[in-house]
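Just to be clear, the model below is a prediction. Sequence and coordinates:
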Amino acid sequence: MATREMYELSGAGFEKSCDLMKSLPPDLFAELCQQSIRNLQCENCGVDQTLLSQRFQAAGVDTNVDEVRNVLNAVDYLFSTAAKHKLSTDALLNTVASHYKLPKQTLQVIRHVWNEEGKKLSDIKCSRDLLPAAKLLDFQWKIGMAVSSDSCKSLNHPYVTVELKVAEHSGQVQHKVFEMTIPEFRNFSKQFKEMSAALENV
């Protein structure tokens, strides 16, 4: 049941997110909800929580980037769970109102956003859980030669360093670096070619 899943969000962390939701002016909360919806529909590559935090602070809301990220995650979860279970607007509002004690103006924003976007979000076919995956922004690789190592027994062997630049759904950009042996990289390359061939047939 969606009600039970949403209830599992309760706890100190989520209660703090609800406290921040209560302090947001309706227009800023509506902006956050709209960004969440666009993100869940994969229409953007993440939400800039730093910019949102600055906007909230300019409006007199005492917050920081981490708190904004937590609120965004909470809103993402509410909408994604509602979409996954194809909740009506009334069912969503009853669940939220009964568990989270949000003020009327906050509930009105949720009602408006879900009336406008809920059906479209619920109809997305790739809605396994509707929490968006990270987006690959850049892919770099280079070949190197191991000349010294505390753990590697076989030096003077070539290796490939891969660096990925990834935008998470929260808006954070992460750099992920890993190394592969030449056989591992060949297998990696082969899998990419197989994916490319499969996509051409779609």
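It's in.

pLDDT weak spots in the protein?
1-15, 43-46, 125-134, 146-155, 168-172, 201-202 (pLDDT under 70).

Which parts of it are helices?
For the chain, helices defined by DSSP state H occupy the ranges 2-7, 12-23, 26-40, 49-58, 65-84, 89-100, 104-122, 182-200.

For those helices, give me CSV that also has mean neighbour count and distance to Ala167.
From N, CA and C alone the C-beta is placed, and that goes for glycine too. Below are the helices of the chain laid out as CSV (neighbours: other C-beta atoms under 10 Å; distance: least, C-beta to C-beta, whole Å):
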stretch, mean neighbour count, distance to Ala167
helix 2-7, 15, 27
helix 12-23, 16, 22
helix 26-40, 19, 11
helix 49-58, 17, 12
helix 65-84, 21, 14
helix 89-100, 17, 28
helix 104-122, 17, 21
helix 182-200, 11, 20
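
Out of the ones you listed, flag the one nearest His175.
Of all the helices of the chain, helix 49-58 sits nearest to His175, with 17.1 Å by C-beta to C-beta.

that older thread, between the helices of the chain, which one is closest to Trp141.
helix 182-200 (7.9 Å).

Touching that closest one from outside, list them.
141, 158-160, 162, 180 (C-beta atoms under 8 Å, 6 or more residues apart in numbering).

Narrow the residues you listed to those that are buried.
For these, a burial check counting by 16 or more other C-beta atoms under 10 Å picks out 159-160, 180.

from those, which single one is nearest Trp114?
Using C-beta to C-beta, those come closest to Trp114 at Met180, 45.2 Å.

and that closest one, bridged to which residues?
Val160 (DSSP bridges).

now it: how far from Lys142?
12 Å (C-beta to C-beta, to the nearest Å).

can I see the domain layout of this structure?
2-122, 135-200 (automatic domain parsing).

Contacts only, for Val160.
Val160 sits in contact with 141-144, 179-182, 184-185, where contact means C-beta under 8 Å, 6+ apart.

can you redo the residues you listed as a markdown table with distance to Val109?
Compiled in a markdown table, the contacts of Val160 are given as follows (distance: C-beta to C-beta, whole Å):
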| residue | distance to Val109 |
| --- | --- |
| Trp141 | 45 |
| Lys142 | 48 |
| Ile143 | 53 |
| Gly144 | 52 |
| Glu179 | 47 |
| Met180 | 48 |
| Thr181 | 53 |
| Ile182 | 55 |
| Glu184 | 49 |
| Phe185 | 49 |
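
between the residues you listed, which is nearest Thr50?
Among the contacts of Val160, and counting by C-beta to C-beta, the member closest to Thr50 is Trp141, at 29.4 Å.

which residues touch Gln140?
Contacts of Gln140 by C-beta under 8 Å, 6+ apart are 162-163, 165.

Could you tell me how far it is located from Pro183?
Gln140 sits at a distance of 21 Å from Pro183 (criterion: C-beta to C-beta).
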